[in-house]
Every structure is written in C-alpha cells, then in structure tokens.
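K.L.:
here are the coordinates; sequence isn't available:
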C-alpha cells in the first residue's frame with residue numbers, strides 16, 4: 001500500500017481523540033494529499049457526496065506482536081473481547097476506517113486539501129485511501145451497537161474555571177468542548193481528584209471530572 005497523504009487537525013496526541021468518528025463534528029480536519037495524488041481529475045465528482053470513508057494507518061510499532069484479545073475502553077478496560085470484535089488499533093494490519101463529513105476541496109501550494117469534520121484521527125496520521133459513503137449500501141438502520149452502545153450516552157457537562165474566550169476563537173472552543181464532553185479518560189479511571197492533561201491545537205488543557213461534570217482548570221500555550 002502507498003500512503004496518499006496525511007491529516008492535520010487539533011488532536012496533537014492520542015489522548016483526547018474521539019473513540020469513534022462522527023462524534024466531534026465541530027472539529028474540522030484537513031486531509032492533505034501528496035502532490036503525486038493531487039490531480040484535480042482524481043477528485044472529479046467528489047462534491048456529490050456528503051460523507052466519505054477515510055482509510056488510514058494506526059501508529060503502531062512494527063514489532064508489536066499479534067493479540068487475539070483486547071480490552072475495549074467502554075468495557076472498563078478489564079474485560080477481554082476478540083480483536084475482530086473490536087476497533088482496537090492492535091490488529092494484524094493496523095488499518096483504520098472512519099466516516100467523515102465532507103466540507104470542501106481546495107488546492108493549496110500544489111496539494112489537494114480536503115476539509116472534513118468528525119474525524120477520529122490524530123494529527124499527522126497517514127491516509128491510504130478515500131472512498132465515498134453511499135447511503136443505501138453503507139447504512140444499516142437497526143443494526144445495533146454491541147458493547148459500544150455505552151458510548152452513545154456517556155457524555156459530560158463541560159465547565160471552565162478559566163476564561164477560555166480570551167484564549168481561542170469560538171470555533172476552536174466549540175471543538176474543544178465537544179471533544180472533552182466525550183470523556184477522554186480511560187473508563188477504569190474514576191478518581192475525582194485526578195488532574196488530566198490534553199493537548200489541543202497549541203494549548204495544554206488540564207481538567208478533572210466530578211461525576212458527570214468535566215471542569216477545565218487551566219489552558220496554557222504548549
């Protein structure tokens with residue numbers, strides 16, 4: 001396989017990246033294609049699709065051995081399920097699949113740049129392919145969510161102990177709030193006194209969680 005480009009967004013480290021695509025739609029990402037794949041002809045007709053599939057590579061060490069079972073975060077990190085019954089990055093082939101909302105296509109400095117929202121990828125992730133999302137073929141209403149159903153309802157109220165408006169713009173703030181509301185903590189960590197740190201754009205965000213409230217304690221430039 002050949003990498004055709006990479007993604008650029010606010011998630012500078014793994015901690016804080018949404019666990020599924022389509023959950024933080026306030027965050028807009030740029031898919032920057034290598035010049036070799038930036039011919040306008042390669043994107044002809046893409047504007048007809050509202051959603052796209054991104055196929056990408058997890059950043060996993062090459063010498064990492066195969067794991068038949070994994071511990072999904074939504075099961076508290078203690079219960080094992082088969083790797084093929086999960087979306088864990090620890091797979092025989094570290095391939096990720098994400099459904100994103102297509103915003104626009106631009107050509108900047110010789111590169112095709114696709115703007116999308118709802119990505120669950122870390123900044124710099126390598127992209128290997130893009131395919132259109134087709135509603136009649138890709139959508140299966142009533143299919144169920146298995147043990148991942150917990151992620152549908154587990155959202156936190158986000159409050160600030162700092163004046164965030166003087167630090168970042170409205171769009172950046174909305175993306176941060178939406179990302180934090182998804183509760184980036186490992187499910188097995190429920191210590192109300194513990195302070196967590198998350199990198200978002202150029203800021204270090206420190207927070208703690210009390211029951212269903214996430215309190216942002218400080219935001220500083222990284």
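P.N.:
Arrived safely. Quick caveat: nothing in here was measured; it's all calculated off a predicted structure.
K.L.:
number of nearby residues for residue 200?
P.N.:
Applying other Cβ atoms under 10 Å, we find 22 residues neighbouring residue 200. Every C-beta, even on glycine, is put in place using the N, C-alpha and C of the backbone.
K.L.:
could you measure it against residue 44, distance?
P.N.:
For residue 200, the distance to residue 44 (Cβ to Cβ, to the nearest Å) stands at 35 Å.
K.L.:
Would you point out the helix or strand in this protein whose mean pLDDT is lowest?
P.N.:
helix 150-153 (a mean of 60; mean pLDDT, DSSP states H and E).
K.L.:
That one: what's the following helix or strand?
P.N.:
strand 157-160 (DSSP states H and E).
K.L.:
What residues sit buried inside that next one?
P.N.:
158, 160 (16 or more other Cβ atoms under 10 Å).
K.L.:
Distance of residue 132 relative to residue 106?
P.N.:
Counting by Cβ to Cβ, the gap from residue 132 to residue 106 is 18 Å.
K.L.:
So the two - more neighbours on which side?
P.N.:
The residue with more neighbours, out of residue 132 and residue 106, is residue 132; 15 against 11, by other Cβ under 10 Å.
K.L.:
so where is this structure shaky, pLDDT-wise?
P.N.:
Scanning the chain for pLDDT under 70 picks out 61-63, 76-77, 150-153.
K.L.:
Which strand in it has the most residues?
P.N.:
Secondary structure assigned by DSSP state E gives strand 95-108 as the longest strand of the chain.
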